[in-house]
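[1] structure here, sequence nowhere to be found:
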């Protein structure tokens, strides 16, 4: 990666987390970038084009120069850094739980009722035990094998290639 992109991924992620947005929500504000594109920016695999860089800087209320070269924490108060770290820890824990369950061939809703350390999310909303019991009643406790995020994104990219 060129020096212009060094640290850019952390600054983009920090802006998104500070705004309290998912990758999908943030991408919609950045000239309709999809979740996969935002993920690649945050991992440092790609760099946004100039129009998107301007939009990200605008959303973060920072200059494009700072976005491209600044220390992601240099202009933050200690409280803001601490809030970022708390948000990042929650995000990592949530995605670790999701990854754990994606590795299982089948997920049973009952598993979420019997182990209080595990959480079940739908569209970033944590379901309560009552919500899970309602789903069990609706689906009769049947096991489902849903595609992973990667499979969904791959299918989306294939469809996009065919339609463009």
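    Everything's here; your move. Being a predicted model, the structure only gives us computed values, none of them experimental.

[2] how close does residue 130 get to residue 120?
    12 Å (C-beta to C-beta, to the nearest Å). Every C-beta, even on glycine, is put in place using the N, C-alpha and C of the backbone.

[3] which one's more surrounded, these two?
    residue 120 (20 against 8; other C-beta atoms under 10 Å).

[4] quick one, phi/psi of the more buried one?
    phi -120, psi 130 (degrees, to the nearest 10).

[5] contact partners for it?
    Contacts for residue 120 (C-beta atoms under 8 Å, 6 or more residues apart in numbering) come out as 109, 112, 126-127, 132.

[6] between those, which sits nearest residue 87?
    Within those, the smallest distance to residue 87 is 15.1 Å, found for residue 126 (C-beta to C-beta).

[7] can you map out the helices along this structure?
    Taking DSSP state H, the helices of the chain run over residues 8-18, 23-29, 35-42, 50-60, 64-69, 78-102, 109-114, 129-139, 149-163.

[8] rebuild those as JSON lines, extending it with mean pLDDT.
    Formatted as JSON lines, those follow (pLDDT from 0 to 100):
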{"stretch": "helix 8-18", "mean pLDDT": "90"}
{"stretch": "helix 23-29", "mean pLDDT": "94"}
{"stretch": "helix 35-42", "mean pLDDT": "94"}
{"stretch": "helix 50-60", "mean pLDDT": "92"}
{"stretch": "helix 64-69", "mean pLDDT": "81"}
{"stretch": "helix 78-102", "mean pLDDT": "72"}
{"stretch": "helix 109-114", "mean pLDDT": "73"}
{"stretch": "helix 129-139", "mean pLDDT": "78"}
{"stretch": "helix 149-163", "mean pLDDT": "70"}
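
[9] name the residue closest to the centre of this protein, please.
    Against the mean C-alpha coordinate of the chain, by C-alpha atoms, centre = their mean, the closest residue is residue 23 at 4.2 Å.
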